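Chemist: Prediction below, plus the sequence it came from.
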Amino acid sequence: MANEILELCAYHESGRVVFAYHAGFFCDGIELSASDYGRGKSVLNAGGLTPLIQQILSGNHLSVAAEDRNKAIETAHHLMDIYCAGSCTRAYYEQMSNPGEEMELDVPVQDDKPISAIQKFLMGINPGSDPNFPSKRMSAILQKLKEPETWHAIEALAKAAVAKGGLALTRFEIEDALMAGGLKVKRAASPGFNVGLGDASLKANREVMQDEPRPATGPLSTTDILLGDFFRTIRTDWSEAEAQAAVKHVKEVVAKYGLA
């Protein structure tokens with residue numbers, strides 16, 4: 001049962017992350033829950049939009065400057081898709097696993113709360129907003145999931161998350177899985193915001209995930225140095241810690257499949 005919940009949680013979080021990348025955001029880490037598929041956590045990175053996202057998730061439209069109104073509405077639409085995508089993706093996956101059964105789309109309270117806050121924000125900043133916007137976005141997301149390029153990316157990330165056995169995925173591992181699934185990604189470095197675990201989504205400071213890249217300790221081997229130089233050549237925005245995290249990942253793959 002725990003493995004089944006972990007898998008459902010993986011698809012829930014992967015759906016959020018892929019739609020976040022579609023919106024131009026990034027993901028600094030994913031953690032799964034083996035006890036409640038709605039209590040996974042994705043630390044998304046929205047760059048300079050993080051303060052605006054805080055305002056939206058607080059439901060306070062009055063704090064948005066007039067010149068930022070259109071950007072706020074656009075960002076709120078993206079956030080609505082991200083928070084709705086988890087439940088839609090999980091329900092879609094369950095139906096694929098049990099063909100013929102009617103789809104059950106239940107939204108965990110950890111998602112329902114921010115969805116309500118975003119809708120409140122939209123209705124406040126634009127009284128003419130559609131009161132049925134969340135349900136209409138869910139319908140659109142379910143259609144988007146039928147597109148191979150979207151589903152392949154979600155599936156690749158979900159499988160990578162499950163393979164970690166509930167341990168956190170780093171940004172490198174996330175983007176490696178997404179690219180393996182056919183999604184083109186680019187990277188930005190800035191504070192992130194949490195998706196999941198209720199009020200954790202309001203935190204502005206980036207949380208350090210269990211497997212967050214850290215500077216290597218001790219002397220590096222020649223292989224480490226050469227691989228690190230190679231990664232920094234093709235990913236010029238990577239830090240030393242991130243390059244060494246990539247080196248570690250490649251060496252683990254080589255050892256696992258006996259390619260040495």
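Modeler: Looks like it arrived, so ask away.

Chemist: okay, CA-based contacts and neighbour counts for the rest of this
Modeler: OK.

Chemist: ok, the residue nearest to Ala23 when sequence neighbours are not counted to Ile115 distance?
Modeler: Once flanking residues are discounted, Ala23 sits nearest to His78: 6.1 Å by Cα to Cα, 6 or more residues apart in numbering. Taking Cα to Cα, to the nearest Å as the criterion, His78 is separated from Ile115 by 11 Å.

Chemist: circling back: what's the burial count for the residue nearest to Ala23?
Modeler: When neighbours are defined as other Cα atoms under 10 Å, His78 has 18 of them.

Chemist: Which secondary structure element is home to it?
Modeler: Per DSSP states H and E, His78 falls inside helix 69-97.

Chemist: other SSEs contacting the next helix or strand after that helix?
Modeler: Scanning forward in sequence from helix 69-97 by DSSP H and E, the next helix or strand is helix 109-125. The criterion is 3 or more Cα pairs under 8 Å, 6 or more residues apart in numbering; DSSP states H and E, and the helices and strands that helix 109-125 contacts are helix 50-57, helix 69-97, helix 133-144.

Chemist: So what touches helix 109-125?
Modeler: For helix 109-125, contacts defined as Cα atoms under 8 Å, 6 or more residues apart in numbering pick out 38-39, 56-62, 69, 73, 76, 79-80, 83-84, 129-131, 133-134, 196-198.

Chemist: and it with helix 69-97, angle?
Modeler: In this structure, helix 109-125 runs at an angle of 150 degrees to helix 69-97, with axes from the mean of the first three to the mean of the last three Cα atoms, to 10 degrees as the basis.

Chemist: Next, the buried residues of helix 109-125.
Modeler: For helix 109-125, the buried set under the neighbour-count rule, 16 or more other Cα atoms under 10 Å, comprises 110-112, 114-115, 117-123, 125.

Chemist: Present those residues as CSV; the columns should include pLDDT and distance to Ala91.
Modeler: Rendered in CSV, the data for the buried residues of helix 109-125 read as follows (pLDDT from 0 to 100; distance: Cα to Cα, whole Å):
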residue, pLDDT, distance to Ala91
Gln110, 88, 16
Asp111, 92, 14
Asp112, 94, 15
Pro114, 95, 19
Ile115, 96, 17
Ala117, 95, 23
Ile118, 96, 22
Gln119, 96, 22
Lys120, 95, 25
Phe121, 96, 27
Leu122, 96, 26
Met123, 95, 27
Ile125, 95, 31
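
Chemist: Great, nothing more from me.
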